[in-house]
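>>> have a look at this fold, sequence not included:
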Ligand code: ADP
């Protein structure tokens with residue numbers, strides 16, 4: 001069901017869906033903590049049942065007091081006993097109220113954890129393209145943002161509804177002795193304000209939904225103005241005032257409308273609330289009249305007044321809870337839609353291919369980003385034999401990184417095939433492929449963990465393998481850098497944590513390079529701009545070490561630096577997603593095409 005359908009639902013269907021979600025709330029509470037759920041149910045039943053009984057007992061107290069004053073034998077004792085019973089009942093209501101808030105407080109933390117766990121568990125299974133899909137991303141963000149409040153709110157409201165529904169059964173039973181009319185008045189007086197409330201809460205929901213692009217933009221500005229990674233540039237260029245101005249303007253675009261809804265909502269709330277009060281005073285008149293006429297006893301009068309007053313509160317609270325549940329249900333719908341988002345299986349189960357000596361073969365590979373006017377890659381083919389190195393060069397935006405994402409199965413080819421050992425990449429198991437391919441992404445992650453763990457992240461099965469860290473660091477020429485850190489491999493990195501050390505961009509890249517070398521036994525290493533942040537000395541060192549590092553393995557290196565490309569057995573030149581040229585360095589220079597021009601520009605710069 002999409003949001004439009006949800007909004008268009010008639011009231012009874014909304015109520016039905018609210019009830020359905022109340023059951024879902026119970027299930028959610030049960031799966032979070034059975035003990036707390038049992039306590040919640042018990043407290044709800046007590047808090048629901050006790051008030052009506054207490055009202056009935058209050059009637060006995062008054063009638064017996066009047067009887068005692070008229071000299072009826074034993075009436076005084078009965079009144080005293082009844083007061084004792086009423087005290088117990090009121091005590092039970094207080095205890096149940098405590099029980100309810102106690103459960104809610106404990107559930108709050110546990111429930112937020114349970115729900116966030118579900119959200120994160122799902123996030124682990126998503127593909128890169130899912131993260132890039134704005135609507136799914138919005139769903140996930142909304143689910144995450146409201147995980148601490150909505151599920152608890154749903155449970156609280158569902159139990160509130162149950163509590164007042166139970167109370168109302170008792171009140172109705174008592175009032176029905178007076179007249180069914182009284183019951184009818186009680187219910188009818190609450191309904192208009194419920195309908196108005198439901199309508200306006202729907203409007204508010206729709207309003208916020210409509211303005212979610214503005215809100216997203218405001219969140220983004222908040223991030224830019226409050227995060228360390230933006231502070232340097234924002235401060236230097238003095239962007240703060242400008243962005244803050246935009247932030248305020250965005251707020252103004254919808255505040256007026258928000259206010260209008262609020263004014264209408266509360267004006268109606270006031271009028272309809274007064275209608276309820278009028279109904280109460282009507283009933284008040286009626287009950288006092290009947291008492292004066294001798295139709296009702298003083299005790300009955302007290303009881304009916306209490307029941308009518310509390311009954312009114314119960315009706316409005318129950319209806320408000322029902323409306324609220326509907327609002328929370330919209331959140332839950334979003335959460336469910338996110339959790340049920342189908343992620344097609346990208347991987348197969350194979351751990352080896354039919355022709356191990358075939359290496360990597362790419363055939364007619366094409367890829368268009370969703371909504372993009374033209375393909376990022378079209379009809380790319382090449383063959384990388386075991387032990388060989390391929391360099392991929394090209395201008396910005398020519399599709400190099402897209403190719404890396406396809407080769408590492410971050411995306412699945414829309415057209416064409418990628419074969420490893422003669423087997424389509426889609427058929428390899430996740431573990432099988434991971435055992436074969438390692439990668440250094442161009443926009444690698446900077447984990448705010450230990451330096452060693454930043455390397456260990458390249459092979460989660462050996463995340464804490466210190467010998468492994470050292471070997472990979474040695475091989476990736478990062479060992480000297482790490483040994484100079486205050487606590488060596490155990491130095492915590494990043495500025496987010498107290499006492500941690502921050503690295504330069506080039507130093508982070510060294511760690512990421514070592515991370516790609518952490519897995520052992522891989523025979524296809526993919527490096528996307530491995531030295532983009534390195535100084536010339538490091539670049540030269542890496543160029544020199546590459547053949548050692550690759551050591552008979554297949555290498556695919558994306559590089560702007562033609563000095564790196566030069567050492568490759570084969571060079572692929574991409575231009576606007578197509579293979580423009582291919583060959584060895586010497587052959588391509590001789591061809592005097594795109595590559596030769598690129599090479600000439602770079603060589604010129606050094607002369
Ligand atoms: P290169 O690595 O050669 O600089 P990319 O592979 O990153 O080029 O990009 C190729 C084309 O795809 C560019 O036109 C770019 O705008 C587009 N592109 C890259 N990443 C995305 C993405 N995540 N979503 C949509 N378009 C993208």
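Here it is on my side, so go on. Keep in mind that what you see is a predicted model, and the values were worked out from it rather than measured. Numbering: from 1, shown residues only.

>>> for residue 66, list the residues it contacts.
When contacts are counted by C-beta atoms under 8 Å, 6 or more residues apart in numbering, residue 66 touches 297-299. Placement of C-beta: from N, CA and C, glycine included.

>>> give me the average confidence score over the helix or strand hosting it.
With elements taken from DSSP states H and E, the one containing residue 66 is helix 34-69. The predicted model assigns helix 34-69 a mean pLDDT of 93.

>>> cool, and stretch 256-266?
Predicted confidence along stretch 256-266 averages 88 (mean pLDDT).

>>> now distance to residue 463, neighbour count and secondary structure too, for the contacts of residue 66, in JSON lines please.
Converted to JSON lines, the contacts of residue 66 look like this (distance: C-beta to C-beta, whole Å; neighbours: other C-beta atoms under 10 Å; DSSP: H, G, I helix; E, B strand; the rest coil):
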{"residue": "297", "distance to residue 463": "78", "neighbour count": "15", "secondary structure": "coil"}
{"residue": "298", "distance to residue 463": "78", "neighbour count": "13", "secondary structure": "helix"}
{"residue": "299", "distance to residue 463": "74", "neighbour count": "21", "secondary structure": "helix"}
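
>>> take the residues you listed and write them to TSV, including distance to the ligand and pLDDT.
Rendered in TSV, the data for the contacts of residue 66 read as follows (distance: C-beta to the nearest ligand atom, whole Å; pLDDT from 0 to 100):
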residue	distance to the ligand	pLDDT
297	78	92
298	78	92
299	76	92
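
>>> now residue 50: how far from the ligand?
Plainly put, residue 50 is 60 Å away from the ligand if you go by C-beta to the nearest ligand atom, to the nearest Å.

>>> residue 531 too?
Residue 531 sits at a distance of 15 Å from the ligand (criterion: C-beta to the nearest ligand atom).

>>> next, that residue: secondary structure please.
Secondary structure of residue 531, reduced to three states by DSSP: H, G, I helix; E, B strand; the rest coil: coil.

>>> give me the neighbour count for the nearest residue to residue 146 once chain neighbours are set aside.
In space, and not counting its chain neighbours, residue 146 is closest to residue 331: 5.4 Å by C-beta to C-beta, 6 or more residues apart in numbering. Close neighbours of residue 331, defined as other C-beta atoms under 10 Å, add up to 21.

>>> repeat that for residue 538.
Neighbouring residues of residue 538 were enumerated by other C-beta under 10 Å; the total is 20.

>>> let me see the contact set for it.
For residue 538, the residues meeting the contact criterion (C-beta under 8 Å, 6+ apart) are 477, 506, 510, 531.

>>> how does it look with 7 Å?
Contact analysis of residue 538 by C-beta atoms under 7 Å, 6 or more residues apart in numbering lists 506, 531.

>>> for whichever strand or helix holds it, buried residues please.
Of the helices and strands defined by DSSP H and E, residue 538 is found in helix 536-550. For helix 536-550, the neighbour count (16 or more other C-beta atoms under 10 Å) marks 538-539, 542-543, 546, 549-550 as buried.

>>> including pLDDT and distance to residue 20, could those residues go into TSV?
Formatted as TSV, the entries for the buried residues of helix 536-550 read as follows, by pLDDT from 0 to 100; distance: C-beta to C-beta, whole Å:
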residue	pLDDT	distance to residue 20
538	83	62
539	83	63
542	83	61
543	82	65
546	83	61
549	87	59
550	87	59
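
>>> and those, which is closest to residue 423?
Of all the buried residues of helix 536-550, the one sitting nearest residue 423 is residue 550; the distance, using C-beta to C-beta, is 22.3 Å.

>>> show me the contacts for the spatially most central residue of the chain.
Residue closest to the mean C-alpha point of the chain, counted by C-alpha atoms, centre = their mean, is residue 144 at 2.8 Å. Taking C-beta under 7 Å, 6+ apart as the criterion, residue 144 is in contact with 116, 119.

>>> any idea which helix or strand carries it?
Secondary structure assigned from DSSP H and E places residue 144 in helix 134-145.

>>> hmm, that helix touching the ligand?
No. Applying C-beta under 6 Å from any ligand atom, one finds helix 134-145 out of contact with the ligand, separated by at least 10.8 Å.

>>> could I get the pLDDT score of residue 530?
The per-residue pLDDT reported for residue 530 equals 88.

>>> before we move on, what about residue 548?
Per-residue pLDDT puts residue 548 at 84.

>>> tell me, how many residues neighbour residue 562?
Per other C-beta under 10 Å, the neighbour tally for residue 562 reads 20.

>>> residues near the spatially closest residue to it that is not a sequence neighbour, how many?
Leaving aside its sequence neighbours, residue 562 sits nearest to residue 599 (C-beta to C-beta, 6+ apart; 5.0 Å). Residues within reach of residue 599, counting by other C-beta under 10 Å, total 18.

>>> now residue 599: which helix or strand?
helix 594-606.

>>> what's the average pLDDT for that helix?
Model confidence over helix 594-606, given as mean pLDDT, is 82.

>>> can you list the buried residues in that helix?
594-596, 598-599.

>>> check which helices and strands that helix sits against.
In this structure, helix 594-606 makes packing contacts with helix 562-566, strand 570-575, strand 578-583, helix 585-591, judged by 3 or more C-beta pairs under 7 Å, 6 or more residues apart in numbering; DSSP states H and E.

>>> as a markdown table, the ones you listed with mean pLDDT would be great.
Below are those laid out as a markdown table (pLDDT from 0 to 100):
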| stretch | mean pLDDT |
| --- | --- |
| helix 562-566 | 81 |
| strand 570-575 | 94 |
| strand 578-583 | 94 |
| helix 585-591 | 90 |
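
>>> single out the most deeply packed of the ones you listed.
Across these, averaging neighbours per residue (mean count of other C-beta atoms under 10 Å) puts strand 570-575 on top, at a mean of 22.

>>> what are the pairing partners of that one, and which direction each?
Note on strand 570-575: by DSSP bridges, its sheet partners are strand 389-394 (parallel), strand 578-583 (antiparallel).

>>> contact partners of the first one?
I take that to be strand 389-394. For strand 389-394, using C-beta under 7 Å, 6+ apart, the contacting residues are 382, 384, 400, 403, 550, 555-559, 562, 564-565, 568-575, 595, 598.

>>> what distance separates it from the centre of its chain?
Relative to its parent chain, strand 389-394 has a centroid offset of 38 Å by C-alpha atoms, centre = their mean, to the nearest Å.

>>> angle of that strand against helix 536-550?
Computed with axes from the mean of the first three to the mean of the last three C-alpha atoms, to 10 degrees, the direction of strand 389-394 lies at 140 degrees from that of helix 536-550.

>>> for whatever helix or strand comes next after strand 389-394, name the packing helices and strands.
Of the helices and strands lying after strand 389-394 in sequence (DSSP H and E), the nearest is helix 400-407. Under the contact criterion of 3+ C-beta pairs under 7 Å, 6+ apart, helix 400-407 touches strand 360-367, strand 377-384, strand 389-394, strand 524-528, strand 554-558.

>>> the ligand is nearest to which of the ones you listed?
Across those, the ligand has its closest neighbour in strand 389-394 (5.5 Å, C-beta to the nearest ligand atom).

>>> so the closest one versus helix 400-407, what angle?
Taking the same axes, to 10 degrees, one finds that strand 389-394 is oriented at 140 degrees with respect to helix 400-407.

>>> what's next to stretch 248-268, contact-wise?
196, 200, 203-204, 207, 211, 214, 217-218.

>>> at 6 Å instead, please
Among residues not part of stretch 248-268, those counted as contacts by C-beta atoms under 6 Å, 6 or more residues apart in numbering are 196, 200, 203-204, 211, 214, 217-218.

>>> ditto for stretch 454-468
447, 469, 472, 511, 514-516, 518-519.

>>> please apply the same query to stretch 596-605.
With C-beta under 6 Å, 6+ apart as the criterion, stretch 596-605 contacts 562, 589.

>>> many thanks, have a good one.
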